[in-house]
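Peer 1: turn this into a model:
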Amino acid sequence: MNNKTEMASSTSGNSSSTISITGLQNSGSESDLRGQQQDLIDERKRKRKQSNRESARRSRMRKQKYLDDLTVQVTHLRKENAQLVAGIAVTTQHYVTIEAENDILRAQLLELNHRLQSLNEIVDFVEASSSSSGFGMETGQGLNDVGGGGFYDGVMNHMNLGFYNQSIMASASTAGDVFNCC
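Peer 2: Next up is the predicted model:
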């Protein structure tokens, strides 16, 4: 419609022709302005889309790196766990071995305490017999004196005490039998 107005104006005179060209220029400027605004909006949209794509790409990269780090950490923790399990197995084996040795030592201790008690009973008996019968005391002999023929020579002579030369034998089964508390 502006074109028709322009043609009509140009036939009627110079002054109106100037006005209509200015009006055309104004409407051209407005459409150019609208076009520029649309171009600006389109450019902003394009930049926003590009920025969003880059942001999504960085987010995917961060997520992938995080997953890779977690995978490495899982591998490391599994390896560490396997080492700990192996260490526990070795420690448990040492514990079982030491516990068996302790059982043997406890059995030996029990046997030695029994022998000591028996020897103390023998010493008590000898002392009681010597004080009542006077063996060895008249001559001034003590328990450790050897020779002179008397009761002490036969009983307390270290050569006659064969049980001193016996070794103490205890096995894990003996220790288990002695200390079986379950």
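Peer 1: in this structure, which helix is the longest?
Peer 2: Secondary structure of the chain per DSSP state H: the longest helix is helix 14-133.
Peer 1: what packs against it?
Peer 2: Under the contact definition 3 or more CB pairs under 8 Å, 6 or more residues apart in numbering; DSSP states H and E, helix 14-133 sits against helix 2-12, helix 151-155, helix 172-178. The way it works is simple: take the backbone N, C-alpha and C, and place the C-beta from them, glycine included.
Peer 1: comparing these by mean pLDDT, which bottoms out?
Peer 2: Per-stretch mean pLDDT for the helices and strands packed on helix 14-133 is lowest at helix 2-12 (a mean of 46).
Peer 1: pLDDT weak spots in this structure?
Peer 2: Along the chain, segments meeting pLDDT under 70 span 1-28, 133-182.
Peer 1: switch the cut-off to 80
Peer 2: 1-30, 132-182 (pLDDT under 80).
Peer 1: can you list the buried residues in stretch 96-108?
Peer 2: Neighbour counts using 16 or more other CB atoms under 10 Å place Asp103, Ile104, Ala107, Gln108 of stretch 96-108 among the buried residues.
Peer 1: which pair of those spans the longest distance?
Peer 2: Spatial extent of the buried residues of stretch 96-108 (CB to CB) is set by the pair Asp103 and Gln108 at 9.8 Å.
Peer 1: quick revisit: can I get the buried residues of stretch 96-108 in a markdown table with distance to Ser29?
Peer 2: Output for these, formatted as a markdown table (distance: CB to CB, whole Å):
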| residue | distance to Ser29 |
| --- | --- |
| Asp103 | 107 |
| Ile104 | 110 |
| Ala107 | 114 |
| Gln108 | 115 |
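Peer 1: show me which of the residues you listed is closest to His94.
Peer 2: Nearest to His94 among those, with distances taken as CB to CB, is Asp103, at 14.9 Å.
Peer 1: so how far is Gly35 from that closest one?
Peer 2: Asp103 sits 100 Å away from Gly35, going by CB to CB, to the nearest Å.
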